[in-house]
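Peer 1: Take this sequence and fold it.
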Amino acid sequence: MSCSGCGTATGGKPNGCKSNGGCSSGGCNRMNAHDWLRNLPLVDTDSQCRVIEVSFSQGTRKDFFRNPSLQQFEKGDLIAVEGVGGFDVGEVSLTGEIVRLQLKKRGVKEDNPEMKKVLRLATDRDIELLKQNKAREPEAVIRSRAIAKQLRLDMKISQVEMQADGRKATFFYIADGRVDFRELIKVYASEFKVKVEMRQIGARQEAGKVGGIGSCGRELCCSTWLTEFKSVNTAAARYQNLSINQTKLSGQCGRLKCCLNYELDTYLDALQHFPDNCDVLQVAKGNAFLIKKDIFKNLMWYTLPDSNKQYPLTLERVRKIKELNKQGVRPEELEPVEITSSKPKEDVPEFVELVGQFSLKTLDRAAQRKRQQQQQQRNPRNNNSNSGNKPGGPQRPSGPSNRGPQRPPQNQPRGPRGNTPPRKEN
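Peer 2: Below is the predicted model of the structure:
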């Protein structure tokens, strides 16, 4: 899904907002919520919600602000709001009654006295100042990383977010443990001439800010639509019969993929019909160990210690064997079911024995004949003049020809030089 600006094609190729899920139009902003109460008529205008939702920094952060004025703002308007020691510029993402539901969802009171206020619509000067300070962010990231390395702090600066008026900067960092950055804040304040705020984030939040393409071929969920990160453990992979391979199960953040939780509830609901405590079944040949559970075919796969073959058993058969084991009885066989593929069998071509039908001589003759033809095509004059001398070439006829009168044969011997006969001695 994308907005009209991202989906517009130029030369047969999509444009793309290239802003990691936070385009300017707000159509594909990953933190946006659909205002399904927009067309709801209001009876009492005095009781309408005076709080609006504003998003900052290309949709990666949003907050609530109170609108004390009588001016009405629409979604997509750039407004100036109260900041730390100044003002900040953001984009209106939600207005109206839907904001009350968002406040309740996030546990924010509408009459909170500490809620900041909306100042005005953003002017051209505000927007120009915002662009200038946003252009300082890439250089600030490089410089802040170098300063942290000089102070030998075990941390990584992921992103720097400047306020619109340039009076405050928020440094997002990643660290495994606690970091004493009291000296770092002093250096940052003197270096960038701003008020410094340090905020720690996790590896998943960093991957969402950086963005990228996952192993599925699509954009990362954390950079497009996922806003809340839930804990993921290897039990989710075991329930789904996935191999515990850290390389395949880890995302670009180095943690387990968030998509392991997407179908986990479906697998847990399907596994409720499977019998419990059936990891080992006792039969006459030995103990059969459970390998995997197939929720699509309602089968349980077991293997015996004397072979590597896997035996699929139905749920009824597993329950029956388990009841017999409780009574001290070991059945003779597992009685596995036969797995038949639903795909039609393809006709396999029969094997034809060709050994002895071809000899090397026939191949050599064909190659020699091919070389002769190629040589004739390259030198047609030489081939015509010397065709009579070749063993395989055409022979000159011995009878009379139609070329005209022939000279009588001369029986005199020829000399070593020329055609003149040798001189006779007296």
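Peer 1: Neighbours of Ser223, how many?
Peer 2: Here the count is done by other Cβ atoms under 10 Å, and Ser223 has 22 residues near it. Every C-beta, even on glycine, is put in place using the N, C-alpha and C of the backbone.
Peer 1: CA atoms only: put the longest helix anywhere in the chain into CSV for me.
Peer 2: Longest helix in the chain by number of residues (criterion: DSSP state H): helix 360-378. Only the C-alpha atoms of helix 360-378 are listed here, as CSV (Å, rounded to 0.1, in the frame of the first residue of the first chain):
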residue,chain,number,x,y,z
LEU,A,360,34.5,-43.4,-33.0
LYS,A,361,35.3,-44.0,-36.7
THR,A,362,32.0,-42.6,-37.9
LEU,A,363,32.6,-39.5,-35.7
ASP,A,364,36.1,-39.1,-37.2
ARG,A,365,34.8,-39.4,-40.7
ALA,A,366,32.1,-36.8,-40.1
ALA,A,367,34.6,-34.4,-38.5
GLN,A,368,37.1,-34.9,-41.4
ARG,A,369,34.3,-34.3,-44.0
LYS,A,370,33.3,-31.1,-42.1
ARG,A,371,36.9,-29.9,-42.1
GLN,A,372,37.2,-30.5,-45.9
GLN,A,373,34.1,-28.5,-46.6
GLN,A,374,35.3,-25.6,-44.4
GLN,A,375,38.7,-25.6,-46.2
GLN,A,376,37.0,-25.6,-49.6
GLN,A,377,34.8,-22.6,-48.6
ARG,A,378,37.9,-20.7,-47.4
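Peer 1: tell me the domain boundaries of this structure?
Peer 2: According to automatic domain parsing, the chain comprises the domains 1-30, 45-122, 132-207, 230-271, 274-326.
Peer 1: Rebuild those as TSV, extending it with distance to Ser215 and mean pLDDT.
Peer 2: Listed next are the domains of the chain as TSV, based on distance: least, Cβ to Cβ, whole Å; pLDDT from 0 to 100:
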stretch	distance to Ser215	mean pLDDT
domain 1-30	18	47
domain 45-122	24	88
domain 132-207	13	92
domain 230-271	8	90
domain 274-326	22	90
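Peer 1: mind checking which of the ones you listed is nearest Thr224?
Peer 2: Smallest distance to Thr224 across the domains of the chain (Cβ to Cβ): 4.3 Å, for domain 1-30.
Peer 1: can you give me the strands in this protein?
Peer 2: Under the criterion DSSP state E, the chain contains strands at 9-10, 13-14, 51-56, 61-66, 78-82, 87-94, 118-121, 156-162, 168-174, 195-200, 280-283, 286-294, 299-303, 310-314.
Peer 1: Pipe the ones you listed into CSV and attach mean neighbour count per row.
Peer 2: As requested, the strands of the chain are exported to CSV (neighbours: other Cβ atoms under 10 Å):
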stretch, mean neighbour count
strand 9-10, 8
strand 13-14, 9
strand 51-56, 22
strand 61-66, 18
strand 78-82, 19
strand 87-94, 23
strand 118-121, 16
strand 156-162, 21
strand 168-174, 20
strand 195-200, 15
strand 280-283, 18
strand 286-294, 15
strand 299-303, 20
strand 310-314, 17
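Peer 1: Pro349: which of the ones you listed is closest?
Peer 2: strand 310-314 (30.6 Å).
Peer 1: what residues does the closest one touch?
Peer 2: Contact with strand 310-314 is made by 288, 291, 294, 297-304, 321, 334-337, 339, as judged by Cβ atoms under 8 Å, 6 or more residues apart in numbering.
Peer 1: please redo it, this time with the cut-off set to 6 Å
Peer 2: 291, 299-303, 334, 336-337 (Cβ atoms under 6 Å, 6 or more residues apart in numbering).
Peer 1: Repeat that for stretch 71-89.
Peer 2: 26, 65, 91-92, 116-122, 126, 130, 163-165, 167-168.
Peer 1: hey, what's Lys168 bridged with?
Peer 2: Beta bridges link Lys168 to Lys195, judged by DSSP bridges.
Peer 1: show me the residues around it that make contact.
Peer 2: 84, 194-195.
Peer 1: How about Glu332?
Peer 2: So Glu332 contacts Ala284 (Cβ under 6 Å, 6+ apart).
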